[in-house]
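Asker: For reference, the sequence and a predicted model appear below.
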Amino acid sequence: MGLNGWVWFVAWAVVGAAYAFGLLGVLSIGMFVLPCALLTTWYLARRRRSLDGVAGVLSGIGVPLLVLAMLNRGGPGVVCDGGKCEQQFSPWPWLIAGVLFVLLGVAGQVLWAIRHRAR
């Protein structure tokens, strides 16, 4: 499989991130991101070799969750910065979920590579 499998992994990770961003922001930018994600899924699914990296979807889903953790890093509660105050959530659930998704995707890709190499 080699490097080519990891290239497909990254491509699928972009798709997973697009789905997660689209669902998290469905009332704003999500309605524009989701059709792009669907089109890219259709394109990648038609490439037989691209399935070598499909575990990347899980890692991609983790990226927006990590972004949410970073954006809420001052929470939970009201956080004031430069005269601007905003309510923030606890970053810990987002961080834990994001790290788990990224690690599950990478683990899936490594297991796929080991299994593929054994054949």
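Answerer: Nice, I can see it. Numbers count the residues shown, from 1 in each chain.
Asker: From here on, just use CA atoms for contacts and neighbour counts.
Answerer: Will do.
Asker: quick check: longest helix of the protein.
Answerer: If you go by DSSP state H, the chain has its longest helix at helix 91-118.
Asker: helices and strands around that one, which ones?
Answerer: helix 2-24, helix 56-71 (3 or more Cα pairs under 8 Å, 6 or more residues apart in numbering; DSSP states H and E).
Asker: Which phi and psi values does the most far-flung residue of the chain relative to its centre adopt?
Answerer: In the chain, the residue that sits farthest from the middle, by Cα atoms, centre = their mean, is residue 83; the gap is 32.9 Å. Backbone torsions for residue 83, taken as degrees, to the nearest 10, come to phi 90, psi -10.
Asker: And residue 78, by the same measure?
Answerer: The phi/psi pair for residue 78 (degrees, to the nearest 10) reads phi -80, psi 130.
Asker: what's the burial count for the residue lying closest to residue 93 once chain neighbours are set aside?
Answerer: Leaving aside its chain neighbours, residue 93 sits nearest to residue 69 (7.8 Å; criterion: Cα to Cα, 6 or more residues apart in numbering). Counted by other Cα atoms under 10 Å, the residues lying close to residue 69 total 22.
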